[in-house]
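Enquirer: here is the input, now give the coordinates:
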Amino acid sequence: MWRLFLIFGLVGCGATTTPYLGQPFLGTAYQDSPLGEAALPDDDPLIRFDAFDCTTFVETVLADGDLDTLNQIRYQDGKVGFLTRNHFIETDWLTNNADIVQNVSAQYAPTETRTVLIDKSNWFKVMHGIDVDVPITRADIEYIPYRHAKGITVSRPMIVLFITDNAKIRDKIGTDLAVVHMGFVLPNGMLRHASSSQGMVVDVNMDEYITERMKTASNLGIALVEIK
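Expert: Residues are numbered from 1 along each chain as shown. This next block holds a predicted model:
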């Protein structure tokens, strides 16, 4: 555990006030979908520390690098499998991890609500060629519109979700989608995230990052998610 404290800056959720949250991973390579079930249909490993996408970076840091904890975060009831993976932040990840995270956006700025309908059956078919009968699920995501998001300060690290309403994404993947990116916002005003554009885990100024995202009309705002 002491080794993990040095790596992650964590000793369980209670230590997330530390500014070192995931810091040693700065510069680690970005790789799309680097984790899987170590068996078909996704034969990527269950855990790794040499590459992340935005979600697996957040998940691995939250898990303190522990495989069992990571599986609890990534899979419904910790049951490892492609069909039980928390694929969608809106309807899977936030709900199944409600014991460790909570959307607290309304505590920081005026909010709006993005209602999303996740058609997981169609997504499985379009993206993976798998026939699965899953009912369409609705989620209401409270978020801070970008016009209110600049200048927000947090007293301890939080997960930040980036919210969109993009018809092109719906057409491409077969379902609506609200959350398109995630990372950690730090008390020093920095965003620590696995960046596809920079190809690695980086720190960037949060307000400057927001300014760039605001240039695309379909980008709506951010949701601040507290680590309990």
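
Enquirer: what sits against Met182?
Expert: Applying CB atoms under 8 Å, 6 or more residues apart in numbering to Met182 gives the contacts Cys54, Thr55, Val58, Ile89, Ile159, Val160, Leu161, Phe162, His193. For glycine as for every other residue, the C-beta is placed from the backbone atoms N, C-alpha and C.

Enquirer: tell me the bridge partners for it.
Expert: Leu161 (DSSP bridges).

Enquirer: again, but for Met190
Expert: Asn205.

Enquirer: show me what contacts Asn219?
Expert: Asn219 neighbours (CB under 8 Å, 6+ apart): Tyr146, Phe162, Ile163, Thr164, Arg213.

Enquirer: quick one, phi psi at it?
Expert: phi -80, psi 120 (degrees, to the nearest 10).

Enquirer: gap between it and Asp64?
Expert: Distance, Asn219 to Asp64, by CB to CB, to the nearest Å: 31 Å.

Enquirer: Thr216 too?
Expert: 35 Å.

Enquirer: with Arg85 instead?
Expert: 20 Å.

Enquirer: so which residues of this structure form helices?
Expert: Per DSSP state H, the chain carries helices over the ranges 2-8, 54-62, 67-74, 94-96, 120-128, 146-149, 167-173, 206-213.

Enquirer: on that earlier part again, out of the contacts of Asn219, who has the most neighbours?
Expert: The residue in the contacts of Asn219 with the most neighbours, by other CB atoms under 10 Å, is Ile163 (28 neighbours).

Enquirer: which residues touch that residue?
Expert: Arg114, Ile141, Tyr143, Ala178, Val179, Val180, Asn219, Leu220, Gly221, Ile222, Ala223.

Enquirer: which of those residues sits closest to Gly151?
Expert: Ile222 (12.4 Å; CB to CB).

Enquirer: which residues in the chain form strands?
Expert: For the chain, strands defined by DSSP state E occupy the ranges 29-30, 51-52, 101-103, 112-118, 137-145, 158-164, 179-185, 190-195, 200-205, 219-227.
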